[in-house]
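> what would the 3D arrangement of this be:
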Amino acid sequence: MPKHAETRQLPYSPEQMFDLVADVGRYGEFLPWVSAVRVRSNGETEMVADLIVGFKGLRESFTSRVQKTRPERIHVDYLEGPLSHLTNDWVFRSDGQGGCFVDFAVDFAFRNRMFEMLAGQVFDRALRKMIGAFEDRARALYGAGGAASGSSSSSAQNTA
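Numbers count the residues shown, from 1 in each chain. I've put the predicted structure just below:
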């Protein structure tokens, strides 16, 4: 069961990062391996969305419920698809300098043992690529940033 938790300091406001992460409908534009997104419902505090992801010839779809507490938290629960479970949390905290700390945690497991073994082999690399895609998207939307100068500090905990 891959698990990962990390904190990054970014030069964007909690509101900006909340908006970026909450815009699930645009994930196909910048997230690696996301080939399609369908937002089933989207309200102020909750969204249900389907994502189709593909990697090395494997293609799967899954559905998640996204709970939004503006601007400080986004929590994702898995509803259906090839996983046995998935939880994902984003917490956005002001750094007091115009930027924010982003706390990110993910915990998931596949039903299929073969997928689980494949995920374990590429999990770290895939996660770094995904987190980098969110940071690149923030730079594209909001510029190089302001007060926090774009530095990132991370404390990662990963068990696969």
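
> check which helix or strand covers residue 15.
Using DSSP states H and E, residue 15 maps to helix 14-22.

> enumerate every residue touching residue 65.
With contacts taken as C-beta atoms under 8 Å, 6 or more residues apart in numbering, residue 65 has the following neighbours: 46-48, 76-77, 79. The C-beta positions use only the backbone N, C-alpha and C, and glycine is treated the same way.

> got the phi/psi numbers for it?
Dihedral pair for residue 65: phi -100, psi 130, per degrees, to the nearest 10.

> distance to residue 24, secondary structure and pLDDT for the contacts of residue 65 - can I get that in a markdown table?
Formatted as a markdown table, the entries for the contacts of residue 65 read as follows, by distance: C-beta to C-beta, whole Å; DSSP: H, G, I helix; E, B strand; the rest coil; pLDDT from 0 to 100:
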| residue | distance to residue 24 | secondary structure | pLDDT |
| --- | --- | --- | --- |
| 46 | 12 | strand | 98 |
| 47 | 6 | strand | 98 |
| 48 | 10 | strand | 98 |
| 76 | 9 | strand | 98 |
| 77 | 13 | strand | 97 |
| 79 | 13 | strand | 97 |
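
> surely residue 145 meets residue 99?
Yes. Taking contact to mean C-beta atoms under 8 Å, the distance of 6.7 Å between residue 145 and residue 99 places them in contact.

> higher neighbour count, these two?
Higher neighbour count among residue 145 and residue 99: residue 99, with 23 against 18, using other C-beta atoms under 10 Å.

> residue 144 versus that one, what's the distance?
12 Å (C-beta to C-beta, to the nearest Å).

> excluding its backbone neighbours, what's nearest residue 103?
Counting by C-beta to C-beta, 6 or more residues apart in numbering, residue 103 lies nearest to residue 91, which is 4.0 Å off, once chain neighbours are set aside.
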